[in-house]
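K.L.:
Below: sequence and its predicted model.
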Amino acid sequence: MNSVQFLGYATFIYLAATFLYVALAIFRIERLGLFATIFTIIGVLVNSIGIGWRWVESYQLGIGYIPLTNMYESLVFFAWSIAIVYLVIEYIYKTKFFGSYVVPFAFLAMAYATFSAEFSKDIKPLLPALQSNWLAAHVITCFIGYAAFAIACGLGILYLIRINSEGKGGESRASEATKPKLEQLDIIIYKMIIFGFLWLTAGIITGAVWANSAWGTYWSWDPKETWSLITWFIYALALHARYTRGWDGARMAWAALVGFLSVVFTYYGVNFLLSGLHSYGG
Amino acid sequence: MISKENPIVEFFSSVRLAILIISLLVVTSIIGTILPQEQPLGFYIEKYGQTNAIIMEILGFSNTYASMWFKTLLFVLCLNLVVCSLVRVPQVLKFIKNDNLSADITKIKRSKDKFLFASNEDKQTAENEIRSVLKKNNWKIRSKQNADFLLLFAEKSAWSRLGAYFVHVSILIIFLGALIGSIFGFKAFVMLPEGESTADVYLQNDEQSKIPLPFKLRCDSFDIEYYENSMPKEYRSELVVLEENKEVVKRQITVNDPLSYAGLTFYQSSYEPMSDQYTVELTKKTSSKEDNKTRMARQKLYVEPREKMEWKDKKVSFEVVETGVDGHGHGPYTLWFDDELGEPVRLIAEDKKHVTINRGDISYTLMIKQRYATGLQVVKDPGVWLVYIGFGLMLFGLYVAFFMSHRRLWISVQETGSTLTIILSGSSNKNQAGFLKTLEDIAADLLNEKSLGLRRI
């Protein structure tokens, strides 16, 4: 067995956790929630061991780099970040009602990494441009940000579904019961966005500093750079609208959705649809 | 001070303008990533047709981020940030400096989040004990004796209200750094063959104009190292800085490790094999029987095929007769070699492999390989340090703006008969839920202070 196969198991564990969170949301049996959390924790453990294992394998091959260097490895780290950040907010807010909208993102990232044939899963040596200590700093900061934005998006979808079903059902008792949850959701969405925004900023900055040490230009309007800036602008707009015109609730949920679409395009779309400096990312 | 009443000032300080400009930057940036940039007009005509291509050219979409209107958008954004800061920072500063001691007791009694206590101690002891509890937790405290009650005010991180403005200023600093870089700096390039030196570099624009260096730069060697799977592992140049023909710096550069000297930075950017040119390293080893020592002499020569080369003082001559059966000119090479000690020899040498010729006590080692020119990006950017300061300030400002809050406490101490009534209330400009926890902790600390003798009422 190698790390790729082992990481494949994390996919199924995250899938199981997803089913448990969905079952919890439907049947509202508390014990299901406990199992859902345990499965997510096991998923993170398997995911972590897989990353560590791949790191060791890379040393055994005489390459010796932190496994954050291509599409496959970044997806694996993305899934890991989502699951970790989710577990932290589940712990802080002591509630599991939104798990079924977040853990699927970890599952999807992991499943895409495991089953896609679009990119290689081999450990390849690093091109000269990638051999820098900034690599780890850049990728880690970006993906923690992306993970927070993914969670904000999942919660945004949940928020929109909730208010939509309320609008149709019209039962006042149901809406009274869900109202505090909606307020809490709004707060968590906002917090995930500011958390992600700080890390995205750090990601763009580490990228700029790295570019300057490798090429002598901290900004060159390369499509990936530009899209990261577009994403930054979109979240900046949402935050300004929230501070000055009280954008919260549904509008913030939509912003989380649109912002995440921009994240996905920055991360994935640019690599495959536009060409530029980050072309080795695939 | 700039008045907000002025309609022009109001327009330029408005968040509405910021939202408009940022939205326009988003849309135009997206267009700039979809349309191929900086291509010749012919490329666009072929791709989009003549009319579209000309419209694109006129609107500047063939070089979006350098176009006048894109720069104007950035300029208006800066103006917006400047005016907004000039209008609002004084207001925030005034708020920060406010002593907050004008609160009256009814307001404190009405506040939503409050704790009520009673004590039998005298007023002075109560004040001192409350102060010492707050001081332990790093609160900044002020007090005021009103007619019927004592008011204590304490606060933390009032300055954190400036967080958003740190971010705004950081953006201005980054723009200023970029501006300084683009006015007083340059980006140039030079293709420097191994063994040669240059005192000029060439600007990377259409004119390719020459920029003289205040020193000379020499490339001693360029090497590519490969992984086993033939992917490139490292591009490496040995560079030497010469001041008045004296070596002042000798350093190896690789892709992520440039050479900086006298405000200029040289980056390993590309390379080029020089056609029909080879680097030959010749070593002469002489073993002397008298003192049992070995003497070495080494020479690096750049040669062309079928051209006789001489290592004069060592009385050696050689010629590259044939550069390779592989058809690419990378060996095996056929060499002709002669010194004055024996018959001339013909030998075969593999690319980059040493071959040895023995002549009694003297042996020669010969290595032949492709001669390269190293491509160096040459950058002068006197603004980059400002940009980095801006980066630092931006991260700091975002942290302050998002995760720090201005927390304020009002504590009233009122004598009612022989007992004291103490009310603790407070507020935070962010994260009120988190602040409630803090308020509870303070209430617990006050209750635990034995000499205060507090009880909840």
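P.N.:
Great, that's in hand.
K.L.:
For the rest of this, base every contact and every neighbour count on C-alpha atoms.
P.N.:
OK.
K.L.:
And chain A, what are its domain boundaries?
P.N.:
By the assignment in automatic domain parsing, chain A contains the domains A:1-126, A:130-282.
K.L.:
Quick one: check the first one for contact with chain B.
P.N.:
Yes. Among the residues of domain A:1-126, A:125-126 lie within reach of chain B under C-alpha under 8 Å from any C-alpha of the partner chain.
K.L.:
tell me the mean pLDDT over that domain?
P.N.:
When pLDDT is averaged along domain A:1-126, the result is 93.
K.L.:
got it, and the last one?
P.N.:
Here domain A:130-282 scores 87 as its mean pLDDT.
K.L.:
does that domain come close to chain B?
P.N.:
Yes. Using C-alpha under 8 Å from any C-alpha, domain A:130-282 reaches chain B at A:131-132, A:194, A:198, A:201-202, A:205, A:213-216, A:221-223, A:226-227, A:230, A:233-234, A:237, A:240-241, A:244, A:274.
K.L.:
would you turn the domains of chain A into a markdown table with distance to B:D445?
P.N.:
Shown next, in a markdown table, are the domains of chain A (distance: least, C-alpha to C-alpha, whole Å):
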| stretch | distance to B:D445 |
| --- | --- |
| domain A:1-126 | 24 |
| domain A:130-282 | 29 |
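K.L.:
sorry, back to before: out of the residues of domain A:130-282 next to chain B, which are buried?
P.N.:
Buried members of the residues of domain A:130-282 next to chain B, counted by 16 or more other C-alpha atoms under 10 Å in any protein chain shown: A:131-132, A:194, A:198, A:201-202, A:205, A:213-216, A:221-223, A:226-227, A:230, A:233-234, A:237, A:240-241, A:274.
K.L.:
Let's see which of these end up in helices.
P.N.:
A:194, A:198, A:201-202, A:205, A:213-215, A:223, A:226-227, A:230, A:233-234, A:237, A:240-241 (DSSP state H).
K.L.:
the strands in the stretch 301-450 of chain B, which residues?
P.N.:
Remark: strands assigned in the stretch 301-450 of chain B by DSSP state E, counting those that start in this stretch are B:309-311, B:316-322, B:333-339, B:345-349, B:354-359, B:362-380, B:407-416, B:419-428.
K.L.:
Pretty sure B:D99 sits in a helix.
P.N.:
No. Assignment of B:D99 by DSSP: H, G, I helix; E, B strand; the rest coil gives coil, placing it outside any helix.
K.L.:
Could you give the number of residues near it?
P.N.:
14 (other C-alpha atoms under 10 Å in any protein chain shown).
K.L.:
now do B:A154
P.N.:
By other C-alpha under 10 Å, 23 other residues sit near B:A154.
K.L.:
Distance check, whatever residue of the stretch 51-200 of chain A ends up closest to chain B against B:T254.
P.N.:
Closest approach between the stretch 51-200 of chain A and chain B, counting by C-alpha to the nearest C-alpha: A:P128, at 5.3 Å. According to C-alpha to C-alpha, to the nearest Å, A:P128 stands 8 Å off from B:T254.
K.L.:
Spit out the residues that contact the two alike.
P.N.:
Each of B:234-235 lies in contact with both A:P128 and B:T254 under the rule C-alpha atoms under 8 Å, 6 or more residues apart in numbering or on different chains.
K.L.:
residues from the stretch 1-150 of chain B in reach of chain A?
P.N.:
By C-alpha under 8 Å from any C-alpha, the residues of the stretch 1-150 of chain B that approach chain A are B:15, B:19, B:22-23, B:26, B:29-30, B:33-34, B:65.
K.L.:
And those residues, which of them are buried?
P.N.:
With burial judged by 16+ other C-alpha under 10 Å, the buried subset of the residues of the stretch 1-150 of chain B next to chain A is B:15, B:19, B:22-23, B:26, B:29, B:33, B:65.
K.L.:
Run through the helices of the chain in chain order.
P.N.:
No chain specified, so I'll use chain A. So, for chain A - with DSSP H - the helices run A:3-27, A:30-60, A:71-93, A:99-115, A:134-169, A:172-215, A:223-245, A:250-264, A:270-273.
K.L.:
I was after chain B.
P.N.:
Remark: helices assigned in chain B by DSSP H are B:7-13, B:15-34, B:41-48, B:50-59, B:68-97, B:105-110, B:123-136, B:163-184, B:384-403, B:432-448.
K.L.:
hang on, the residue of the stretch 51-200 of chain A closest to chain B packs against B:P232?
P.N.:
Yes. If you go by C-alpha atoms under 8 Å, A:P128 and B:P232 touch, sitting 7.1 Å apart.
K.L.:
These two: who's more crowded?
P.N.:
The neighbour comparison of A:P128 against B:P232 (other C-alpha under 10 Å) goes to A:P128, with 18 against 15.
K.L.:
List the contacts of that one.
P.N.:
By C-alpha under 8 Å, 6+ apart, A:P128 lies in contact with B:232-235, B:254-256.
K.L.:
Count the residues that sit near A:L45.
P.N.:
Counted with other C-alpha under 10 Å, the neighbours of A:L45 add up to 15.
K.L.:
Kindly report the same for B:S197.
P.N.:
With other C-alpha under 10 Å as criterion, B:S197 counts 17.
K.L.:
Please name the spatially closest residue to it (chain neighbours excluded).
P.N.:
Computed as C-alpha to C-alpha, 6 or more residues apart in numbering or on different chains, the closest residue to B:S197 that is not its neighbour in sequence is B:R218, at 3.9 Å.
K.L.:
Quickly list what the one you found is bridged to.
P.N.:
B:S197, B:V240 (DSSP bridges).
K.L.:
can you pull the contacts of it?
P.N.:
Residues near B:R218 by C-alpha under 8 Å, 6+ apart: B:192, B:195-198, B:239-242.
K.L.:
contacting residues for residue 11?
P.N.:
Here I'm looking at chain A. A:43, A:107, A:110-111, A:114 are the contacts of A:T11 under C-alpha under 8 Å, 6+ apart.
K.L.:
wrong one, I was asking about chain B
P.N.:
Neighbours of B:F11 in contact, by C-alpha under 8 Å, 6+ apart: B:L17.
K.L.:
Apply 10 Å and report the result again.
P.N.:
B:F11 makes contacts with B:4, B:17-18, B:80, B:83-84, as judged by C-alpha atoms under 10 Å, 6 or more residues apart in numbering or on different chains.
K.L.:
Would you check which pair of those lies furthest apart?
P.N.:
B:K4 and B:A18 (16.2 Å; C-alpha to C-alpha).
K.L.:
And those two? Which one has more around it.
P.N.:
The neighbour count for B:K4 versus B:A18, taken as other C-alpha under 10 Å, is higher for B:A18 (22 against 18).
K.L.:
Out of the buried ones among the residues of the stretch 1-150 of chain B next to chain A, flag the one nearest to A:L20.
P.N.:
B:V26 (39.8 Å).
K.L.:
So that closest one versus A:W227, what's the distance?
P.N.:
Taking C-alpha to C-alpha, one finds B:V26 at 9 Å from A:W227.
K.L.:
swap in B:D223?
P.N.:
Distance, B:D223 to A:W227, using C-alpha to C-alpha: 35 Å.
K.L.:
Same check on B:V321?
P.N.:
Relative to A:W227, B:V321 is positioned 55 Å away (C-alpha to C-alpha).
K.L.:
Give me every residue in the stretch 251-400 of chain B lying close to chain A.
P.N.:
B:254-258, B:265-269, B:376-381, B:384, B:387-388, B:391-392, B:394-399 (C-alpha under 10 Å from any C-alpha of the partner chain).
K.L.:
what about 8 Å?
P.N.:
B:254-258, B:265, B:267-269, B:377-379, B:391, B:395, B:398-399.
K.L.:
quick one: which of the residues you listed is nearest to chain A?
P.N.:
Closest to chain A, out of all of these and judged by C-alpha to the nearest C-alpha, is B:N256, at 4.4 Å.
K.L.:
quick one: the closest one and A:S213 touch, right?
P.N.:
Yes. Between B:N256 and A:S213 there is a contact under C-alpha under 8 Å: 5.9 Å.
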